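Trainee: return atomic coordinates for the entry below.
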Amino acid sequence: MKREITLRQVLIPAFLTVVVLPMLLMALFSILRLKANMQETLEMQIESNLEKADQVLDMVLDKYKTILYDFCTDDSIVEIVESVNEGVDDKDVNTGKLRRELSHICNRNDGVVGITLRTAGDEKVIYYDRLASSSSNAQWASKVRVPDINAAEDYYAVTVPLKRNEDNIYLIQIARNLVDYRNIHKKLGTVVMSINEEILEKALDPGEGKSIYLCRGNMIISAPDNEDIGKNINDIPTKNMLVTSRRNETSGWNIYNFHSLDVYSKTVREQALFWVFIGVGIMAALLGIVYFATRPVLKSLDNVVDAMETVEKGDFGARLTINQGITSEMKKIYSGFNEMVEQIDALVGQVKQAVVEQKNAEISALEAQIDPHFLYNTLDTINWKAIEKEEYEISGMVGALADILRYTVRNAGGETTIEKELYWLDEYMLLQSAKLGRKLNTIIDVPDGLLECRIHKLLLQPFVENSIKHGLYNIEGECILKISIKKLEEQLHIIIEDNGRGMSKNKVEELNKETGDEGEHLGVANVRKRLKLYYGDRADMFFESRAGRYTRVHLFIPLEEMGGNLNENSDCRG
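Mentor: Below is the predicted model:
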């Protein structure tokens, strides 16, 4: 025999499926989205770090390049070096002047640890060592390699450190030729400025979790840890690091950015663990809720099943005892069951009686109903009678009334074309002119391309009625009512304007408030509700008026063509 499934056995898997599965999908989506966002942010940050490092390196090099340029283009320096090269003047005096200038450059500019000048003549070396504060006794400044350069400047690095106390000092050097600018082909010497590598390292420091390495080729010339200087960049550990690089066009050096992925990986792991804990907690809570929530309900349902089986056997004396411990829903079921058993015969009789009464009501309604065709035929008869009596004005009014009756009865509240709506309004205004007792001058301004656009029936009638009733009634002069429709992007802009008595500013403000009290303009409130019902937030309307001059109603509704098929001449498209 097949085992019966209890309600609890159905609810628990259902609850888990409905809650846990979407939660798992949401968690997976959240983690993937977080990972993608973090990766995108990381890539942008790394690119920004590289760009910033490139700019900072340019700024630092440009600073010292400018200092070196100013020295090499100083006319007095050029003359002194020429004198040294030609032996015209006392070399010791000129050498002393050059040493003072070199000491001034070193002492005035932070980061410059020495500067060396090699003359072109006898290749005399003049230098100043800031570390030793000496221009005559230095272990390294006099031995600086002075390259032969053809470009404006040359950039290189010394990967063998200088010793100062217990510290290692690495140098970045910039070399520039000293030329006579009156004869640029005449080389007077070469100047080499030695800069403390620590200046570049501090300037390029990107912050925690990131490292910037400066390399000439693959050899490291600047690093966060100067123990790495001189090593090959490929020897730096890259585990859990994202490495990117960029070439600095000024120096020709390569900038390497090492970005730690620890924070990135930690965030993704924490997010995954968070969703795991949430999922386990929700599953445990759901299991407990389902069990304890269904326990009293299942017991109550068992009582109902037992009572139903008793009734099935023909014993209508079965009753369910309503205890305080059961839920309000089960109380209603118990009470309903008891009432059903007590009144089942009476209910059957009531149903039969209700069926009879319903049929009688339908018959009465059919007997009382007036066939609209009877009204059309009657109006048609009156129309012909009027024509026979040559009462053509009455005939026109009766014909207009018949058209209005047909238009309002057929598909009330449905859609029609602007062309048909305007035709019906023309008939309506014919009757209103007769009621007004004077000619109503109607101006219709609608492009042919908009005549097939859709509009709900009787949407404009309340405004026309208000214009005649409240604006044009009993005014002196010509009564003018103008209806214009134009296309405004994806909407129809409908304007209904009269030259009547207008309204006060307060009345206009009241009508333009959606929650305002329209009072005697009840039709306005109805149209506002219909616009909301038909078009939602895609439609709008507002009033403008000037007392004694005019009133304008502006309607904005979506642009649609009747039947949904656009013909080539129609403007009913967005």
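
Trainee: under the pLDDT cut-off, which ranges of the stretch 51-200 of the chain? List them.
Mentor: 88-91, 121-122, 151-153 (pLDDT under 70).

Trainee: show me where it has its strands.
Mentor: All strands of the stretch 51-200 of the chain, identified by DSSP state E, counting those that start in this stretch, fall at 112-119, 125-129, 153-164, 167-180, 183-196.

Trainee: give me the distance between the shortest one and the centre of its chain.
Mentor: Mean C-alpha position of strand 125-129 versus that of the full chain (Cα atoms, centre = their mean, to the nearest Å) differs by 64 Å.

Trainee: contacting residues around Asn177?
Mentor: Each residue near Asn177 by Cβ atoms under 8 Å, 6 or more residues apart in numbering is listed here: Cys72, Ile149, Lys187, Gly189, Thr190, Val191. Every C-beta, even on glycine, is put in place using the N, C-alpha and C of the backbone.

Trainee: please redo it, this time with the cut-off set to 6 Å
Mentor: Taking Cβ atoms under 6 Å, 6 or more residues apart in numbering as the criterion, Asn177 is in contact with Lys187, Thr190.

Trainee: for the remainder of this discussion, apply numbering that starts at 57.
Mentor: Shifting the count to begin at 57 puts that one at Asn233.

Trainee: show me how far stretch 108-116 is from its chain's centre.
Mentor: Stretch 108-116 has its C-alpha centroid displaced from the chain centroid by 35 Å (Cα atoms, centre = their mean).

Trainee: contacts for it next, please.
Mentor: Residues contacting stretch 108-116 (Cβ under 6 Å, 6+ apart): Ala259, Leu260, Ile268, Arg302, Asn304, Thr306, Ile311.

Trainee: how about stretch 269-289?
Mentor: Ala213, Thr215, Asn224, Tyr226, Glu253, Leu256, Glu257, Ser267, Trp309, Asn310, Tyr312.

Trainee: list the buried residues in stretch 321-333.
Mentor: Val324, Gln327, Ala328, Trp331 (16 or more other Cβ atoms under 10 Å).

Trainee: so the closest residue to Gly533 other than its chain neighbours versus Val353, what's the distance?
Mentor: Leaving aside its sequence neighbours, Gly533 sits nearest to Asn555 (Cβ to Cβ, 6 or more residues apart in numbering; 7.9 Å). Going from Asn555 to Val353 by Cβ to Cβ, to the nearest Å gives 72 Å.

Trainee: who's more crowded, those two?
Mentor: Neighbours were counted for Asn555 and for Val353 using other Cβ atoms under 10 Å; Asn555 has more, 20 against 16.

Trainee: check what pLDDT Ser301 gets.
Mentor: Per-residue confidence (pLDDT) for Ser301: 90.

Trainee: and the gap between it and Gly265?
Mentor: Taken as Cβ to Cβ, the span from Ser301 to Gly265 is 18 Å.

Trainee: tell me, how many residues neighbour Asp501?
Mentor: 10.

Trainee: and the gap between it and Val361?
Mentor: 74 Å.

Trainee: now for this structure, the helix or strand with the poorest mean pLDDT.
Mentor: helix 384-424 (a mean of 62; mean pLDDT, DSSP states H and E).

Trainee: just the buried ones from the contacts of stretch 108-116?
Mentor: For those, buried by 16+ other Cβ under 10 Å: Ala259, Leu260, Ile268, Arg302, Asn304, Ile311.

Trainee: just checking, the last one is part of a strand?
Mentor: This means Ile311. Yes: assigned with DSSP: H, G, I helix; E, B strand; the rest coil, Ile311 falls within a strand.

Trainee: isn't it right up against Arg302?
Mentor: Yes: counting by Cβ atoms under 6 Å, Arg302 is a contact partner of Ile311 at 5.0 Å.

Trainee: run through the stretch 307-456 of the chain and note the low-pLDDT ranges.
Mentor: Using pLDDT under 70, the flagged stretches of the stretch 307-456 of the chain are 346, 352, 367, 370-373, 400-433, 435-436, 439, 448.

Trainee: if we use 80, what do you get?
Mentor: Residue ranges of the stretch 307-456 of the chain with pLDDT under 80: 317-388, 390-456.

Trainee: out of everything not next to it in sequence, what's closest to Arg303?
Mentor: Asn310 (5.6 Å).

Trainee: list the residues that contact that neighbour.
Mentor: Cys271, Ser301, Arg303.

Trainee: swap the cut-off to 10 Å and go again
Mentor: Asn310 sits next to 269-277, 289, 301-304 when contact means Cβ atoms under 10 Å, 6 or more residues apart in numbering.

Trainee: in those residues, find the pair that's most separated.
Mentor: Met275 and Arg302 (17.0 Å; Cβ to Cβ).

Trainee: mind listing what's buried in stretch 127-136?
Mentor: Phe127, Cys128, Ile133, Val134, Ile136.

Trainee: kindly report the same for stretch 114-130.
Mentor: Result for stretch 114-130 [16+ other Cβ under 10 Å]: buried residues Val116, Leu117, Lys119, Tyr120, Lys121, Ile123, Leu124, Tyr125, Phe127, Cys128.

Trainee: quick check: the farthest pair among these?
Mentor: Going by Cβ to Cβ, the pair spanning these furthest: Val116 and Cys128, at 18.9 Å.

Trainee: in JSON lines, list the buried residues of stretch 114-130 along with distance to Ile539.
Mentor: Shown next, in JSON lines, are the buried residues of stretch 114-130 (distance: Cβ to Cβ, whole Å):
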{"residue": "Val116", "distance to Ile539": "76"}
{"residue": "Leu117", "distance to Ile539": "76"}
{"residue": "Lys119", "distance to Ile539": "76"}
{"residue": "Tyr120", "distance to Ile539": "81"}
{"residue": "Lys121", "distance to Ile539": "78"}
{"residue": "Ile123", "distance to Ile539": "82"}
{"residue": "Leu124", "distance to Ile539": "84"}
{"residue": "Tyr125", "distance to Ile539": "80"}
{"residue": "Phe127", "distance to Ile539": "87"}
{"residue": "Cys128", "distance to Ile539": "86"}
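
Trainee: domain ranges for this structure?
Mentor: Structural domains assigned to the chain are 375-421, 498-620, following automatic domain parsing.

Trainee: residues near Asn290, how many?
Mentor: Neighbour tally, Asn290, other Cβ under 10 Å: 7.

Trainee: and what of Arg201?
Mentor: 11.

Trainee: ok, Leu611 - contacts?
Mentor: 511, 515-516, 519, 541, 547-552, 583, 587, 595-598 are the contacts of Leu611 under Cβ under 10 Å, 6+ apart.

Trainee: who are the contact partners of Tyr590?
Mentor: Gly469, Glu471, Ile511, His512, Leu515, Ile613, Pro614.

Trainee: list just the nearest of those to Gly337.
Mentor: For the contacts of Tyr590, the nearest to Gly337 is Pro614 (48.4 Å; Cβ to Cβ).

Trainee: what's the burial count for the closest one?
Mentor: Pro614, neighbours per other Cβ under 10 Å, totals 15.

Trainee: same check on Ala279?
Mentor: Around Ala279 there are 25 residues (other Cβ under 10 Å).

Trainee: in stretch 135-152, which residues are buried?
Mentor: Ile136, Val137, Glu138, Ser139, Val140, Asn141, Asn150, Thr151.

Trainee: what segments of the stretch 507-630 of the chain are strands?
Mentor: 510-512, 535-544, 547-554, 596-602, 606-614.

Trainee: leaving out chain neighbours, which residue sits closest to Ile378?
Mentor: Nearest one to Ile378, counting by Cβ to Cβ, 6+ apart, is Tyr390 at 4.9 Å.

Trainee: residue contacts, Val200?
Mentor: By Cβ under 10 Å, 6+ apart, the contact list for Val200 reads 170-174, 181, 183, 185, 194, 214, 227, 229, 231, 248-250.

Trainee: buried among these? Make that a PyMOL selection.
Mentor: To isolate the buried members of the contacts of Val200 in PyMOL, using 16+ other Cβ under 10 Å:
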select buried, resi 170+171+172+173+174+183+185+194+214+227+229+231+248+249+250
